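**Q** no letters, just coordinates:
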């Protein structure tokens, strides 16, 4: 019976209350309105072909959907990171293809920001190319290793995220004090996050972002802001 149920789920068929429901399981996690948003266009990335290999002959497309699948969910942090980095990274390379062998990055210790920046730049903590600094908030510092060029990318105005942040803080206070986080709490913060995502995905990047070139920047690998995972605390709250 277990094998049968697993097979049904894998093929996109779910038995629910005696009825057969067909779902596209592979796309169920992904908000369709993101696909055609102007700031969701895919980027091109370059890597090597193997552990000891040369550069790929052809670049690969990377988009928000692929990042959401790897990260685990589509969220404002992932979208924020993608929009910021997709507007900065290609400008560091003459052909616009992001060379994931030639970058290092500094990010806030957030599941969303660290996952997205690592996947988009190829920077990893274990290679001392991804450093953590919570003072950056939602900003990133990116350095092209071969030239030393370094830039900071951040939001020009964070006002549209104020209501969502307030609700997030309210939930965190409840968690710390042992109060019950309700389904209504989670629904409200997710709705606010979706509104923030829409703003990020549809606002002209020239108005949305501030990109600053950093002079004489020296990358410093630091894990002082390492900490616990924040995106699983309410995983058992009902719907």
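**A** Done, it's in. The shown structure was predicted, so the numbers you read here are calculated from the model rather than taken from an experiment. Numbering: from 1, shown residues only.

**Q** tell me the pLDDT at residue 173?
**A** The model reports residue 173 with a pLDDT of 93.

**Q** is the residue most central in space within the chain in a helix, a strand, or coil?
**A** In the chain, the centroid-proximal residue (Cα atoms, centre = their mean) is residue 78; its distance is 2.4 Å. Secondary structure, DSSP: H, G, I helix; E, B strand; the rest coil: residue 78 is helix.

**Q** mind giving me the domain ranges of the chain?
**A** Using automatic domain parsing, the domains assigned to the chain come out as 1-30, 31-213.

**Q** so which elements touch the lengthiest helix in the chain?
**A** For the chain, the longest helix by residue count, based on DSSP state H, is helix 183-202. Where contact means 3 or more Cβ pairs under 8 Å, 6 or more residues apart in numbering; DSSP states H and E, helix 183-202 is packed against helix 76-88, helix 162-177. All C-beta atoms are positioned from the backbone trio N, CA, C, and that covers glycine.

**Q** for the protein, name the helix or strand with the lowest mean pLDDT.
**A** The helix or strand of the chain with the poorest confidence is helix 2-10; it has a mean of 44 (mean pLDDT, DSSP states H and E).

**Q** just the mean pLDDT for the following helix or strand past the longest helix of the chain, thanks.
**A** Next in sequence after helix 183-202, counting helices and strands by DSSP states H and E, comes helix 205-208. Helix 205-208 shows a mean pLDDT of 98.

**Q** any regions of the chain where pLDDT drops low?
**A** 1-24 (pLDDT under 70).

**Q** might you report the residue contacts of residue 198?
**A** Shown in contact with residue 198 (Cβ atoms under 8 Å, 6 or more residues apart in numbering): 33, 37.

**Q** also the one 10 residues further on?
**A** Going by Cβ under 8 Å, 6+ apart, residue 208 touches 39, 83, 155-157, 200.

**Q** re earlier: winner for burial among the helices and strands packed on helix 183-202?
**A** With neighbours defined as mean count of other Cβ atoms under 10 Å, the helices and strands packed on helix 183-202 peak in mean count at helix 76-88, which reaches a mean of 24.

**Q** how far out from the middle of the chain is the next helix-or-strand element following that one?
**A** Note on helix 76-88: by DSSP H and E, the next helix or strand toward the C-terminus is strand 98-99. Chain-centre distance of strand 98-99: 17 Å, with Cα atoms, centre = their mean, to the nearest Å.

**Q** how about residues contacting the helix or strand following strand 98-99?
**A** Reading on from strand 98-99 to the C-terminus, the next helix or strand found by DSSP H and E is strand 103-107. If you take Cβ under 8 Å, 6+ apart as the criterion, strand 103-107 is touched by 81, 89, 92, 113-114, 117-118, 121-123, 129-133, 136, 140-145, 219.

**Q** with that, I have no additional questions.
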